[in-house]
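# Next comes the sequence, and after it the predicted model I'd like to discuss.
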Amino acid sequence: MTLQGLLALILLFELIYLLKKERLHSLSLIYQILVATVAILIAKHMFDGFVNFQVLNQIQIEPTSTKMSLFLSFDKGVVGFLLLGIIPICHSIQDWKKVLKGILIYLPIAIFIMLILVWILGYVKWSVKFPSFLWIWSLANLFLVSISEETIFRGFIQKRLVDLFGNHILSKIGAIIIASVLFGFVLHPGSVIYKALATIAGIIYGISYPDYPKNRNSDWSALFI
């Protein structure tokens, strides 16, 4: 990591600190916007100065599959862990039971809807594979991608929008839509169809979150989904 990368993380850390300090004051909304903006920019690798190791380079699992590469995106991962400091966490067995309940309810729904959509659109074909790099792909996706994306878009942006609009059904729907559109069209590269699919996935993830503050651990359900 170079000085520029370190300064980007220090900036985000300082903004998070100021937000926690000013959460009931007039500057809170400004700090929320700044935290979200800087977090997204770092997650999109817009700041130079981070060394993200490439572990896969243009790997093709089978002749008809799209080539893929894999980077260990430490800049994106650090953002998620920093934001974990200002979102609800699990403190007890009961908390984890609520998380497990959310996973059991929404995970099958998410898998079914997304598989149907990508199948209809021709993005995937049925071919069960267990490549040797599956373990590192899974770990990188959980700790360096999912934690970051869910803490930014569900744990932070969606939750803050609900707080801003008011804790009622219309505000929750609006917060889910706004956070999901940002998730699909701002964070993810690719075609409009791909961005739309990411937005739909974001809506499904967001549905598992909106019962805050009744279930203050629901972001963990979205994370594991």
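Okay, I see it.
# Tell me where the longest strand sits in the chain.
What stands out as the longest strand in the chain, according to DSSP state E, is strand 53-59.
# Buried residues, the helix or strand following it. List them.
Later in the chain than strand 53-59, the nearest helix or strand by DSSP states H and E is strand 68-72. Buried residues in strand 68-72, counted by 16 or more other Cβ atoms under 10 Å: L70, L72. (Glycine included, C-beta is placed from N, CA and C.)
# in the longest helix seen in the chain, what counts as buried?
Criterion DSSP state H: the longest helix present in the chain is helix 93-120. Buried residues in helix 93-120, counting neighbours by 16+ other Cβ under 10 Å, are found at D95, K98, V99, G102, I103, Y106, A110, M114, L117, V118.
# Kindly provide the whole-number mean pLDDT of stretch 171-186.
Averaging pLDDT along stretch 171-186 gives 91.
# Buried residues in it, which are they?
Buried residues in stretch 171-186 (16+ other Cβ under 10 Å): 171-172, 174-184.
# Can you get me the centre-to-centre distance for it and its chain?
Counting by Cα atoms, centre = their mean, to the nearest Å, stretch 171-186 is centred 12 Å from the centre of its parent chain.
# ranges for the helices of this protein?
Applying DSSP H to the chain gives helices spanning 3-21, 28-43, 74-83, 93-120, 134-140, 147-150, 159-165, 169-181, 192-207, 218-224.
# Distance to W126 added to the ones you listed, as TSV?
Listed next are the helices of the chain as TSV, based on distance: least, Cβ to Cβ, whole Å:
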stretch	distance to W126
helix 3-21	41
helix 28-43	32
helix 74-83	30
helix 93-120	8
helix 134-140	17
helix 147-150	27
helix 159-165	37
helix 169-181	27
helix 192-207	18
helix 218-224	25
